[in-house]
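Engineer: sequence-free structure coming up:
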């Protein structure tokens, strides 16, 4: 048994998981079906400007965006979401692997979905639809609704504002660069390896020193 080493490792794991619980995260990982540069998407931006669902461009060179929204409850007659937002992706390369991630506070309950879709695969009646002849574009989207019940009537009529962070990242070897969840998982793995191999070696080393000291005192 290694009581002190075990306690330290368990404490480390608990702290890592506690840190990761401060925010909700929804993400989608995808391979880019084609290359889309800023010049490629520029003609579409003005065309999509009047669409109620289109928000703006999201690009690798400026991958993080923070915004505050006022969520609404979904209609009881509808199975969909109260709000849908689409972001035109730029600076992506064909065949490269990416992640689109949305983070928001854990104390802000939402029913939220993220995804990606080609403009040519959307409903032709949508303002965001682009036929193959017009070229193509790639969207990341978020769909969300307020999702909670409260005895406070005002909270049911006017849900509290929620702050999102939207992040577009390029992946390397299926791991997002700078992904805190991946980093925490790596630390847990290293802790397990340390428990299995390094800790017994250190324990035996300290025991041998203790035995030598005890033997010297007897002499």
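Structural biologist: Everything's here; your move. Bear in mind the structure is a predicted one, so any value in this text is a computation, not a measurement.
Engineer: how many other residues sit next to residue 148?
Structural biologist: Using other C-beta atoms under 10 Å, residue 148 has 13 other residues around it. Glycine gets a C-beta too; all of them are placed from N, C-alpha and C.
Engineer: can you pull the pLDDT of the spatially closest residue to it that is not a sequence neighbour?
Structural biologist: Among residues not flanking residue 148 along the chain, residue 109 sits closest, at 4.3 Å (C-beta to C-beta, 6 or more residues apart in numbering). pLDDT for residue 109: 83.
Engineer: What does residue 109 show for phi and psi?
Structural biologist: Main-chain dihedrals, residue 109, degrees, to the nearest 10: phi -70, psi 120.
Engineer: Repeat that for residue 112.
Structural biologist: phi -130, psi 140.
Engineer: Pull the number of nearby residues for the residue nearest to residue 148.
Structural biologist: 17.
Engineer: wouldn't it be in contact with residue 145 here?
Structural biologist: No. In this structure, residue 109 is not within contact of residue 145 by C-beta atoms under 8 Å, at 10.2 Å.
Engineer: Enumerate every residue touching the nearest residue to residue 31 once chain neighbours are set aside.
Structural biologist: Leaving aside its sequence neighbours, residue 31 sits nearest to residue 97 (C-beta to C-beta, 6+ apart; 5.7 Å). Residue 97 sits next to 29-31, 170-172, 174 when contact means C-beta atoms under 8 Å, 6 or more residues apart in numbering.
Engineer: Contacts only, for residue 26.
Structural biologist: Here residue 26 is in contact with 101-102, 112-114, 142 (criterion: C-beta under 8 Å, 6+ apart).
Engineer: which SS state does it fall under?
Structural biologist: strand (DSSP: H, G, I helix; E, B strand; the rest coil).
Engineer: And it, what's its pLDDT?
Structural biologist: pLDDT for residue 26: 92.
Engineer: Ok, residue 89 next?
Structural biologist: With respect to pLDDT, residue 89 has a value of 91.
Engineer: report the longest strand in this protein, please.
Structural biologist: strand 162-172 (DSSP state E).
Engineer: what mean pLDDT would you report for whichever strand or helix holds residue 98?
Structural biologist: Using DSSP states H and E, residue 98 sits in strand 97-105. Averaged over strand 97-105, pLDDT sits at 92.
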